[in-house]
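Novice: Fold the stuff below for me.
(4 chains)
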Number of protein chains: 2
Amino acid sequence: MQRTNFGDMACSIARTLDVIGEPWSPLVLRDIWVGMNRFDQIQADLGISRKVLTERLAHLVEHGVLEKRAYDNRPRYEYVLTQKGRELVDILMVMAGWGDRWLAGEAGPPVLYRHHACGEIGHVDLRCSHCGEPMHADDVEVLPGPGAATQPASAG
Amino acid sequence: MQRTNFGDMACSIARTLDVIGEPWSPLVLRDIWVGMNRFDQIQADLGISRKVLTERLAHLVEHGVLEKRAYDNRPRYEYVLTQKGRELVDILMVMAGWGDRWLAGEAGPPVLYRHHACGEIGHVDLRCSHCGEPMHADDVEVLPGPGAATQPASAG
DNA sequence: CACTCTGGGTTCCTTCAGGGAACCCCAAAT
DNA sequence: ATTTGGGGTTCCCTGAAGGAACCCAGAGTG
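Specialist: Numbers count the residues shown, from 1 in each chain, chains lettered A, B, ... in the order given. Just a heads-up that it's a prediction; the model follows:
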C-alpha cells in the first residue's frame, strides 16, 4: 500500500489514514462492528486474502482499535472493538451516509440504521460540538493549531 | 491499488472506498478543500508522485467529486470540489476529529476549525438526522435496506 | 525570432504489497 | 488414529506506488 508514511505528517487526517487507510481495513472494521468477530467469518464475508487479513488485524490491534480475545481453551480468538475503535466507526457511518446518498441509485441503500434513542430509521448528521448547528465543508475556517509543527504526537 | 473492486459490493462503505479509498485520495481532497487547487501545489505539498497524482485527480473527476477547470488561455487547470465532493469532506472532518482526539498527543491538534455560524473553535459531532440525539456505533441497529441485493445501483 | 520559464502532465524503471492457493499447527470430537 | 475446524503462514505472481527524467504548449523577454 502506501510506501509513504502518513503517520508522520502534521495532519490528523493523514494520521488517521495511517491506522485505517490501508485497503480493506475499513471493511474489516465494519464486519467486526456488525458482529462478525472471527477470522474465518471475516475472510469469507469479504473474500479478502488470508494473508492480508492477518496483516490488517495485527495492524488494527497494534494501534489499539481492536482487541484480540481468546474465546475457548483451544487456540481460538475473536476480535472486538475497543473504545478507540468504536469511535472510528463514526467515520464508517459518515461514509455509509455519503454512499447511500450518492452511490446507491434506484435500488436504495443496502442497509438502514435504526437509532435506538428514537426508534426511527435515520442517518448521521454533522453538527458543531459548540453550538449544535450544521457543520460542513464550507461552514468552517481552518486555522493552525498548537500541534502545527511537523512532529507527530510527543515527538518534539 | 486494490485489485478487488469494492464498488460492486452491496455496501455503501465499500462503494465510498471505491471513490476515495485509494492511497492519497483523501489527502488530495483535503488540499483542494483548503484551497490548494493546482497540480504543482498539491504535488509539492503532499510529496506525492506526479504519476499517482495524475491518476487520482482523473479518478476523482471521473467520479464527479472534482471538476477540472481552465483558469487561463494557456493550458492551465485547477481542480475544485463539486457538491458531491463537498459532502465527501464530511468524512474528512470526522477523520480529523478522531485523529485529533486519539493521535495528536501532547502537542495538540495540528489544525483548529472555527465554525462560521457561532465563531467558536469546535469539532464535528454526530447526531441522528431524525431526533438530533447523539448517534454512534452502539446507538444503532443495522437492518437490511431496499438495495440489499448484490447488485450496485441500477444494475439489477 | 530564439530562449527560457512555468504549469501540467507522460514515460520508464524498480520495488514492494495484494491475490490466491497450498500448507501447517493445535485441540477436540469420533 | 483420524478427521475436523479455527487461525493462521508460505510461496509465487502480478500490478500499483515511488521517483526521476522527459515532454509540450503558450507567454514573456531581449
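Novice: Give me every residue in chain A lying close to DNA strand C.
Specialist: Chain A comes close to DNA strand C at residues A:1, A:3, A:22-24, A:47-52, A:55, A:73-75, as judged by C-beta under 7 Å from any atom of the strand. C-beta coordinates here come from the backbone N, C-alpha and C atoms, glycine included.
Novice: in which helix or strand would I find the residue most central in space within chain A?
Specialist: Geometric centre of chain A, nearest residue: A:Leu88, 4.1 Å, by C-alpha atoms, centre = their mean. Per DSSP states H and E, A:Leu88 falls inside helix A:83-102.
Novice: quick one, helices of chain A?
Specialist: A:12-20, A:25-33, A:39-46, A:50-62, A:83-102 (DSSP state H).
Novice: For those, could you give me a markdown table that also reports mean pLDDT and distance to DNA strand D?
Specialist: Below are these laid out as a markdown table (pLDDT from 0 to 100; distance: least, C-beta to the nearest atom of the strand, whole Å):
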| stretch | mean pLDDT | distance to DNA strand D |
| --- | --- | --- |
| helix A:12-20 | 95 | 12 |
| helix A:25-33 | 96 | 12 |
| helix A:39-46 | 94 | 4 |
| helix A:50-62 | 95 | 4 |
| helix A:83-102 | 97 | 16 |
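Novice: follow-up on the earlier one: the helix holding A:Leu88 packs against which elements?
Specialist: helix A:12-20, helix A:25-33, strand A:111-115, strand A:124-128, helix B:12-20, helix B:83-102, strand B:124-128 (3 or more C-beta pairs under 8 Å, 6 or more residues apart in numbering or on different chains; DSSP states H and E).
Novice: Can you lay out the ones you listed as CSV showing distance to A:Arg101?
Specialist: Output for the helices and strands packed on helix A:83-102, formatted as CSV (distance: least, C-beta to C-beta, whole Å):
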stretch, distance to A:Arg101
helix A:12-20, 21
helix A:25-33, 18
strand A:111-115, 13
strand A:124-128, 11
helix B:12-20, 9
helix B:83-102, 7
strand B:124-128, 16
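Novice: closest to B:Ile32 out of those?
Specialist: Across those, B:Ile32 has its closest neighbour in helix B:83-102 (7.8 Å, C-beta to C-beta).
Novice: buried stuff in that closest one?
Specialist: Burial within helix B:83-102, assessed by neighbour count using 16 or more other C-beta atoms under 10 Å in any protein chain shown, is assigned to B:84-100, B:102.
Novice: before we move on, what about stretch A:114-122?
Specialist: A:His115, A:Ile121, A:Gly122.
Novice: Pull the most distant pair out of the residues of chain A next to DNA strand C.
Specialist: Longest span within the residues of chain A next to DNA strand C, C-beta to C-beta: A:Arg3 and A:Asn73, 41.7 Å.
Novice: quick one on the thing from earlier: so which of the residues of chain A next to DNA strand C wins on neighbours?
Specialist: The most neighbours of any of these, using other C-beta atoms under 10 Å in any protein chain shown, belong to A:Trp24, which has 25 neighbours.
Novice: Isn't that residue up against A:Arg50?
Specialist: No: using C-beta atoms under 8 Å, A:Trp24 is not in contact with A:Arg50, being 11.9 Å away.
Novice: so who does A:Asp125 touch?
Specialist: Residues in contact with A:Asp125 (C-beta atoms under 8 Å, 6 or more residues apart in numbering or on different chains) are A:Pro134, B:Leu126, B:Arg127, B:Cys128, B:Ser129, B:Gly132, B:Met135.
Novice: CA-only coordinates of stretch A:80-97 in PDB, if you can.
Specialist: Taking Å, rounded to 0.1, in the frame of the first residue of the first chain, the C-alpha atoms of stretch A:80-97 are listed here in PDB:
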ATOM      1  CA  VAL A  80     -13.600  -6.800  19.300                       C
ATOM      2  CA  LEU A  81     -13.600  -3.100  19.100                       C
ATOM      3  CA  THR A  82     -12.000  -1.000  21.800                       C
ATOM      4  CA  GLN A  83     -13.400   2.400  22.700                       C
ATOM      5  CA  LYS A  84     -10.900   3.900  20.300                       C
ATOM      6  CA  GLY A  85     -12.200   1.500  17.600                       C
ATOM      7  CA  ARG A  86     -15.900   2.200  18.400                       C
ATOM      8  CA  GLU A  87     -15.200   5.900  17.800                       C
ATOM      9  CA  LEU A  88     -13.600   5.100  14.500                       C
ATOM     10  CA  VAL A  89     -16.900   3.700  13.500                       C
ATOM     11  CA  ASP A  90     -18.200   7.300  13.300                       C
ATOM     12  CA  ILE A  91     -16.100   7.600  10.200                       C
ATOM     13  CA  LEU A  92     -17.800   4.400   8.700                       C
ATOM     14  CA  MET A  93     -21.200   5.800   9.500                       C
ATOM     15  CA  VAL A  94     -20.500   9.000   7.600                       C
ATOM     16  CA  MET A  95     -19.000   7.100   4.700                       C
ATOM     17  CA  ALA A  96     -22.200   4.900   4.600                       C
ATOM     18  CA  GLY A  97     -24.300   8.100   4.600                       C
END
